[in-house]
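> Return a 3D structure for these sequence lines:
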Amino acid sequence: MRTFYEFFAGGGMVRAGLGPAWQCLFANDFDHKKGRVYRDNWGDNELRTADVGSLKFHDVPGAADLAWASFPCQDLSLAGGGAGLKGNRSGTFWLFWKLMKAVIADGRAPGMIVLENVCGALTSHDGEDFTTICNALQDAGYATGALVIDASLFVPHSRPRLFIACVRAGVAIPDRCRSNAPSLLWHTKALRIAYEKLPSRTKSNWVWWKLPAPSARTTSLADLIEEDPAGWYSKEETKQLIAKMSDLNKAKLEDAKDANRRIVGGLYRRTRQDESGRKVQRAEIRFDDLSGCLRTPAGGSSRQVILVVEGSSVRARLISSRETARLMGLPDTYILPENYNEAYHLTGDGVVVPVVRHLAEHICEPVLQCLEEGTTVAA
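Next up is the predicted model:
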């Protein structure tokens, strides 16, 4: 059985994605509310609820095959303040990395390390933050590569994320896991630009990961909607919401009405500039069978609204916590917090489960199989 560490673990969505063939040796998150959910779903044997900066190498047990860290994204996000790796939140990467370097120095270097974050990490400080991360990983003896994976390939949820996957130097990478050139599916223009800005020494130990395309997604947003949840807006509230739409979004709504069938859309309130340059709140709808990207509820505008259109009938409500969990690929047996905001924060901060499984099946597990078999790269 392969083993792993899960840092910035949240509710254990990486653990859910890796599946029962993997054993968690250690999990860590500083958030006690998320910690309660983690324990509700996975027990309390492996989780240490503490600031990662307070941990010492001897707090981390064993020698794991994989160390996964989905470190905070706020300072790297395009919607954030631009502090990048110097920010208080995204800067926790350095606390995690200090701990990992101590574990490596103790002779327990993981076979693989995977980092997950928003795609803004590629452009933060004109690519310097991405370069800094890659350099740090390679200086510690890891060949490094990256992919951008949109969860919409697996679930009806538009959620592109950056995955930096690293393998301990000297371990052979199977041919089916690497390519000589980037692919259009997994290596976006932004990633290719970020790669070109890397120093030559980092490029020389770079991996263009090869990942097969998943089977075509068969579910839509409408398939994941609960049939009769509470919380529908009143007719007046729905009318006020529609009034915030631009002409373009109102036209989308009218087209949905004219379709004369049940159509489900996801709506976010956004702050935009009107024709005179004033900031106004707009309601922006999408009817492409996808949810907009879930975010943590930092205010009313961050909570997604579900719009159900059936002919002339238009109903609206906040997305339910169970629906957000389904959009993250979690089963209905997954135990969520009773508090709505806590549940939304947990799911909006997580990693999409089938994305983790796809990476594990097609990259992590084949590479670690080589490590187990002692297959190495010629010096």
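> make it CA atoms for all contacts and neighbour counts henceforth
Fine.
> Identify the residues contacting residue 247.
Listed by Cα atoms under 8 Å, 6 or more residues apart in numbering, the contact set of residue 247 is empty.
> Next, it: phi, psi?
phi -60, psi -40 (degrees, to the nearest 10).
> what's the distance between it and residue 83?
36 Å (Cα to Cα, to the nearest Å).
> and residue 337, how many residues sit next to it?
16 (other Cα atoms under 10 Å).
> where's the closest residue to it other than its chain neighbours, which helix or strand?
Leaving aside its chain neighbours, residue 337 sits nearest to residue 343 (5.3 Å; criterion: Cα to Cα, 6 or more residues apart in numbering). Assigned by DSSP states H and E, residue 343 belongs to helix 340-348.
> Please pull up the helix or strand immediately following that helix.
Past helix 340-348, the next helix or strand by DSSP H and E is helix 353-359.
> roughly how far is that following helix from the heart of the chain?
10 Å (Cα atoms, centre = their mean, to the nearest Å).
> ok, and what's touching it?
So helix 353-359 is contacted by 13-14, 16-19, 149, 151, 154, 211, 214, 328-330 (Cα under 8 Å, 6+ apart).
> ok, now with 6 Å
13, 17-18, 329 (Cα atoms under 6 Å, 6 or more residues apart in numbering).
> and of the residues you listed, the nearest to residue 173?
Nearest to residue 173 among the contacts of helix 353-359 is residue 18, at 19.6 Å by Cα to Cα.
> Against residue 156, how distant is that closest one?
20 Å.
> now swap in residue 1 and tell me
32 Å.
> Now do the phi/psi pair for the closest residue to residue 38 other than its chain neighbours.
Distances taken as Cα to Cα, 6+ apart place residue 11 nearest to residue 38, at 4.5 Å, with adjacent residues excluded. Backbone torsions of residue 11, given as degrees, to the nearest 10, read phi -90, psi 10.
> Could you count how many residues lie near residue 11?
Quick note: residue 11 (other Cα under 10 Å) scores 29 neighbours.
> my guess is it meets residue 36, correct?
No. Judged on Cα atoms under 6 Å, residue 11 makes no contact with residue 36 at a distance of 8.4 Å.
> Tell me, how many residues neighbour residue 214?
For residue 214, using other Cα under 10 Å, the count is 11.
> SS state for it?
coil (DSSP: H, G, I helix; E, B strand; the rest coil).
> mind listing the strands for the stretch 101-250 of the chain?
Per DSSP state E, counting those that start in this stretch, the stretch 101-250 of the chain carries strands over the ranges 112-117, 142-150, 160-168, 178-179, 208-209.
> who wins for proximity to residue 220 among those?
strand 142-150 (15.0 Å).
> Okay, and residue 6 sits in which element?
strand 2-7.
> hmm, back to that, export the strands of the stretch 101-250 of the chain to JSON lines and tack on mean neighbour count, distance to residue 323 and mean pLDDT?
JSON lines is the format used below for the strands of the stretch 101-250 of the chain (neighbours: other Cα atoms under 10 Å; distance: least, Cα to Cα, whole Å; pLDDT from 0 to 100):
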{"stretch": "strand 112-117", "mean neighbour count": "22", "distance to residue 323": "22", "mean pLDDT": "97"}
{"stretch": "strand 142-150", "mean neighbour count": "23", "distance to residue 323": "19", "mean pLDDT": "98"}
{"stretch": "strand 160-168", "mean neighbour count": "22", "distance to residue 323": "19", "mean pLDDT": "97"}
{"stretch": "strand 178-179", "mean neighbour count": "15", "distance to residue 323": "36", "mean pLDDT": "96"}
{"stretch": "strand 208-209", "mean neighbour count": "22", "distance to residue 323": "32", "mean pLDDT": "98"}
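> Minimum distance to residue 43: which of those has it?
Using Cα to Cα, the strands of the stretch 101-250 of the chain put strand 112-117 closest to residue 43, at 23.6 Å.
> what angle sits between the longest helix seen in the chain and strand 2-7?
Longest helix in the chain by number of residues (criterion: DSSP state H): helix 92-105. With axes from the mean of the first three to the mean of the last three Cα atoms, to 10 degrees applied, the angle from helix 92-105 to strand 2-7 works out at 140 degrees.
> Next, the buried residues of helix 92-105.
Using 16 or more other Cα atoms under 10 Å as the test for burial, helix 92-105 gives 92-94, 96-101, 103-104.
> Any idea how far it is from the middle of the chain?
21 Å.
> show me what contacts residue 110?
Residue 110 neighbours (Cα under 6 Å, 6+ apart): 64-66.
> Identify, from those, the entry nearest to residue 163.
Nearest member of the contacts of residue 110 to residue 163, counting by Cα to Cα, is residue 66, at 13.9 Å.
> Can you spell out the domain ranges of the protein, please?
2-213+350-373, 227-319 (automatic domain parsing).
> about what we covered before: in CSV, list the strands of the stretch 101-250 of the chain along with distance to residue 49.
Below are these laid out as CSV (distance: least, Cα to Cα, whole Å):
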stretch, distance to residue 49
strand 112-117, 20
strand 142-150, 28
strand 160-168, 24
strand 178-179, 36
strand 208-209, 33
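> Quick one: closest of those to residue 191.
strand 142-150 (7.6 Å).
> what's that closest one in contact with?
159-169, 186-187, 205-208.
> For it, what is the distance to the chain centroid?
So, by Cα atoms, centre = their mean, the centroid of strand 142-150 is 13 Å from its chain's centroid.
> Might you list the low-confidence residue ranges for the protein?
Residue ranges of the chain with pLDDT under 70: 78-81, 297-301, 376-379.
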